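# Sharing a model that was predicted from the sequence below.
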Amino acid sequence: MEKPALTTIEIDRIIEMAWEDRTPFDAIKFQFNLSEQDVIKLMRNNLKPSSFRLWRARVQGRATKHSKKRNVDVQRFKCSRQKSISNNKVSKR
């Protein structure tokens, strides 16, 4: 099955989600239909080599990035302390 072409905005969002500690790979799979291996390839192709190595060291074996390694079965993909993002300029003050 061929993966659809991703826009620059989608690639930026996937990279952001991949760097977040509490965002599991399952959330990226759910939203963008990319497996963990696809995310690794995307990160390798879009980050500097040193940044990619830092990211890999950070997420490798991290329980929060792998749903099967988590202690609790969490189905939400947003931290309860995370603020909602709005394009309203007033909310950015």
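That came through, no problem. These numbers were taken from a predicted model, which means no experiment stands behind them.

# which stretches of the protein have low pLDDT?
Within the chain, the segments meeting pLDDT under 70 span 1-4, 66-93.

# 90 instead?
Scanning the chain for pLDDT under 90 picks out 1-5, 21-23, 59-93.

# Could you pull out the helices in it for me?
For the chain, the helices defined by DSSP state H cover 8-19, 25-32, 36-46, 49-59.

# Please verify my assumption that residue 17 contacts residue 27.
Yes. Using CB atoms under 8 Å, residue 17 is in contact with residue 27, at 6.6 Å. In short, each C-beta sits where N, CA and C put it, glycine included.

# on that earlier part again, please render the helices of the chain as a markdown table that adds distance to residue 65 and mean neighbour count to the earlier fields.
As requested, the helices of the chain are exported to a markdown table (distance: least, CB to CB, whole Å; neighbours: other CB atoms under 10 Å):
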| stretch | distance to residue 65 | mean neighbour count |
| --- | --- | --- |
| helix 8-19 | 8 | 15 |
| helix 25-32 | 6 | 17 |
| helix 36-46 | 9 | 15 |
| helix 49-59 | 5 | 13 |
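
# Show me what stretch 41-55 is in contact with.
Stretch 41-55 is contacted from outside by 6, 11, 14, 15, 18, 19, 34, 56, using CB atoms under 8 Å, 6 or more residues apart in numbering.

# try 7 Å
Applying CB atoms under 7 Å, 6 or more residues apart in numbering, the set of residues contacting stretch 41-55 from outside is 11, 14, 15, 18, 19, 34.
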